[in-house]
Structure formats: C-alpha cells, structure tokens
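Visitor: For reference, the sequence and a predicted model appear below.
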Amino acid sequence: MKQASLLHNHAIVAELLSAIPHGIALLDINLRIVGMNRFLEAMTGYSTHEVRGVLADFVLRTNLAANDQVCRSVLETGESVSMDGNLINNNRSKIPIHCTISRLHDESGSVMGLVFVVEDMSALHEARAAYDGDDYRGEILGHSPQMDEVFQMMSVLARTDASVLITGETGTGKDKIAEQLHKSSPRARQAFIKVNCGALPEALLESELFGHVKGAFTGAVKDNLGMFRLADRGTIFLTEIGDLSLPLQVKLLSVLDDHEFYPVGSGKKVRVDVRVIAATHRSLREEVRVGRFREDLFYRLNVLHLHIPPLREREGDVGLLFDYFLRLFASGLGKQINGFTKKTLDVLGTYPFPGNVRELRNITEYAVNVCRKEKVSVKDLPPYVLHPVETMRSASEGVKQSAQPVDVTETQAHKGWAEMERNRILEVMQETSGNRSKAASALGWGRTTLWRKMKKYNLI
C-alpha cells in the first residue's frame, strides 16, 4: 500500500522534481528505486523506466553505499545525512558529488521511504584545481609577506571543520576573511550567517542566536528558528565575540561541545551541524584574566587561530589598496581620476591608519567624491588625515568623558567627511552663482544627489 502511495505521489511531483537542478531519487522502505528526476537520469545514464524497482545500490553506485547502515539509520531515526563522495555512472565515469539522504512521510506521518538528493560537484572541483590555491584569497587584497602568511594559513583552515578564532584590530577585514574561509570550504554551498555579538542586548541576542518558540516572551507571536538553525550544515560567524555575556558564553560552549541547544522557551533540544568562526579585536586572554570571558570557551574557540596584521605592518599594501579603491570609486562616479599627486602620497605615507583597511577605503571614497581634477591633491583629503595627532587627542578627551565605548577614528572620520562635504557644496554653489545643474556637474553628481545632500546639510 505504501509502495502504491509513493508511486502515486511520485507521478504527481515528477515535473516539480525535474525543475530542481540536482539529481533526485525516491526510494521505498526496502531501498528500491521508485523514481528519478531527469538530472539524475543524465548523471547515472539510466532512465527511471529501466531502474524502477531495482535496489538503489546497483544504480547509485557510490562510495557512500546507498543501501547500507547509513540509509537504514536515516529510516530509523529520521535524521538527515549529508556526505561528499563519488558516483560511478553507466559509462564508468566517476563524478564527484555531495549527497543528502532524508526520510519521507505520508500525510499520516508514516514512513514511506527516502529521498536521495545528489549534487554534481564537478564544476567546483575543476574551479578549485584551476585556481591551484589562489581561491583562498578571494577578493582580499594584499601582496605583502605578512598577508602571504595569512593566505597560506587560510588554505589550511578552509579544509578543516574545526572552530577558528580570528583576531586583529578594528577595520583589518576579519569579516571578509571569515566569509572567504566559508566560500573555500566544503560548506560553501550552504549558508554563511553573520551575527554581531555586541549589537544586541543579552535577551534579544539569545533569541537571535538560538531561536524561540511562540509565547516564550512578550512579543513572541510566532516561532523563530534562530541563526544557528539557519546556518545548519553551513558556517556561523560570531563577530565581536568578546562582547558576549557570560550566560550566553555557557550556552555557546554547550553548542560547541554537543551540537545541541534549547531554543528560548522550549523544552526540546535542537541538533545542528554548524562550523563556528569567531572574531574579536579584544585580547581574549586578558578578558579571561579579568573574569569577563570563560577560559573553557576561549580554548574551545581557539582551536585554530588566525591573526590579521594591521595595515601599518603590511609592507607595500597601502599603495595597492589605494589604487584599487581609487579605480573602484572613480568608476562608480564616472570620474576620470588617474591617481594621487606626489605631495598627497607623501602625506598618506606618514599616516598611521588606526582604522586600517576600512579607514583607507573611507579616505579614498571621500577624496574621489570631492576631487575635481585628474589627480587627488592634499586638499581633497579629509582634514583629520592632515592633522592626525590633534584629531586623535581631541577625540580621546571626548571618549574619557563618555561611558560608552567609541570608535575614535571612525567617529572623527564621519564628522570630518560631513563638514568637508558641506563646505565643498557651499564653495561650488558660490562659484556657479547658485546654479544647481552646474554645481552638480562640477561635483560629479546628479541634480537629485546634490538636492538630497543640500537637504541633509540644511542648505535649502
């Protein structure tokens, strides 16, 4: 009866399955093939008509053994399994695959069989071979010896599933490194979920990470899966891990050890398969010493460690990054800017870049926006770059009087940008006798952009 039901269901969904760009096979409870979609027919070299009723192991010839204990375990427990392996088709060709096996149920909840999803990984394997290791760099720029060491370490970290702790100053690109590690790993086809542990209060962050059930607290009007479940079989990136509260540190440690957790308000455990990458600009050893971070969690996260050097220590990378961002922003604004004047390069050469790559990018974007000639001059730079000592001292005095931590460099950069942009608009409007079309053209903007910025700075 179940066999007939499965055949009937397969006939109904055959068209839908063939629209999915992966090979799919339906197996009955005896692990015999009930049907395949056209993608799996093309991969195996068999038609559904030829193999219906045949044991899956004779058709899906893989090193995963389709009808062995793995499939029987899925039938018994209902827990899906994902594995990488190879499939031998009818022409005796070997195809690298990623396979997922899940249990099927009918309307009453009775077990009907299995669904076998086969993803052809040939293109990904060929691309990795063609890159010959350079794929670990991705969009991360750098040719200094310090960054070469980072790239070499990334090639190792991408091949493993262990937890990684990325350290480095603010603005060094820790999030880019984490995302590239995911893209270069076997989990690349699954989700990459980023969570800022310092952006939410403890109660909201717990729900954000682990989810909640309906009615768990005021405002919980429906179930929330949480980031860990969304990242299942993929990677979760916990940035600013040093800001995580002690109670949540305990719960995170449990997830790392057992791969299980309780959603907020639920008495039922959820199991996940997630790789954890964490990042911080703090010294976690110091946080452990003063009692703000659990020592056992530190060692659990610090299985593999990757330190990103600050920009001031990356020999030769400053010029490379300035050239890249200059072309990027000039192209986006449709401007013909060919580089920096010698005096400008001299000024930038002595600047310490406390905000690292993020600050360098902001400086370049600012300069390209206000530059009106073919080369960026000193007057096109943000004012805090020309007077870094006074700017930093003034900002530091303000921070001492504040109870909240402030990113000094970024705060000053934002204020400097806004003030300079406002003054530039006033200057150009005066030069063009208030003609907005001419002013917008001189600034390299459209009329709408000029109007929006004038409104922002109360110039209308």
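Guide: Yes, it's here.

Visitor: pLDDT on the helix or strand containing residue 83, on average?
Guide: Applying DSSP states H and E as the criterion places residue 83 in strand 81-88. For strand 81-88, the mean pLDDT works out to 81.

Visitor: Can you point out the buried residues in that strand?
Guide: In terms of neighbour count (16 or more other C-beta atoms under 10 Å), strand 81-88 has its buried residues at 82, 87. For glycine as for every other residue, the C-beta is placed from the backbone atoms N, C-alpha and C.

Visitor: Run through the residues that contact residue 40.
Guide: 23, 24, 25, 118 (C-beta atoms under 8 Å, 6 or more residues apart in numbering).

Visitor: Where does the residue nearest to the spatial centre of the chain sit, in terms of helix or strand?
Guide: A centroid search over the chain (C-alpha atoms, centre = their mean) returns residue 179, at 4.0 Å, as the residue closest to the centre. If you go by DSSP H and E, residue 179 is part of helix 174-183.

Visitor: quick one: average pLDDT of that helix?
Guide: For helix 174-183, the mean confidence score works out to 93.

Visitor: can you pull the buried residues of that helix?
Guide: Buried residues in helix 174-183 (16+ other C-beta under 10 Å): 174, 177, 178, 179, 180, 181, 182, 183.

Visitor: burial of the nearest residue to the fourth one once chain neighbours are set aside, as a residue count?
Guide: Nearest residue to residue 179, sequence neighbours excluded (C-beta to C-beta, 6 or more residues apart in numbering): residue 192, at 5.9 Å. Residue 192 is flanked by 20 other residues according to other C-beta atoms under 10 Å.

Visitor: what do you get for residue 332?
Guide: By other C-beta under 10 Å, 10 other residues sit near residue 332.

Visitor: Tell me the buried residues in the one helix or strand it maps to?
Guide: Taking DSSP H and E as the criterion, residue 332 maps to helix 317-333. Buried residues in helix 317-333, defined by neighbour count with 16+ other C-beta under 10 Å: 317, 318, 321, 322, 325, 326, 329, 330, 333.

Visitor: got it, and stretch 51-64?
Guide: Buried residues in stretch 51-64, counted by 16+ other C-beta under 10 Å: 51, 52, 56, 57, 59, 60, 61, 62, 64.

Visitor: In contact with the first one, which residues?
Guide: When contacts are counted by C-beta under 8 Å, 6+ apart, residue 51 touches 33, 36, 44, 58, 59.

Visitor: Please apply the same query to the second one.
Guide: By C-beta under 8 Å, 6+ apart, the contact list for residue 52 reads 33, 34, 35.

Visitor: distance of it from residue 35?
Guide: 7 Å (C-beta to C-beta, to the nearest Å).

Visitor: where do the contact lists of the two overlap?
Guide: Counting by C-beta under 8 Å, 6+ apart, nothing touches both residue 52 and residue 35.

Visitor: Can you name the next helix or strand after the lengthiest strand in the chain?
Guide: The longest strand of the chain (DSSP state E) is strand 94-105. As assigned by DSSP H and E, the chain's next helix or strand after strand 94-105 is strand 111-120.

Visitor: what is the mean pLDDT for stretch 371-391?
Guide: 81.

Visitor: Quick check: buried residues in it?
Guide: Neighbour count says stretch 371-391 has 371, 376, 377, 378, 380, 381, 382, 383, 384, 385, 388, 391 buried, by 16+ other C-beta under 10 Å.

Visitor: I'd guessed the third one sits against residue 348; true?
Guide: No. Counting by C-beta atoms under 8 Å, no contact exists between residue 377 and residue 348, whose distance comes to 11.7 Å.

Visitor: So, low pLDDT: which residues of the stretch 201-350 of the chain?
Guide: For the stretch 201-350 of the chain, no stretch is flagged by pLDDT under 70.

Visitor: now stretch 150-160: mean pLDDT?
Guide: So the average pLDDT for stretch 150-160 ends up being 90.
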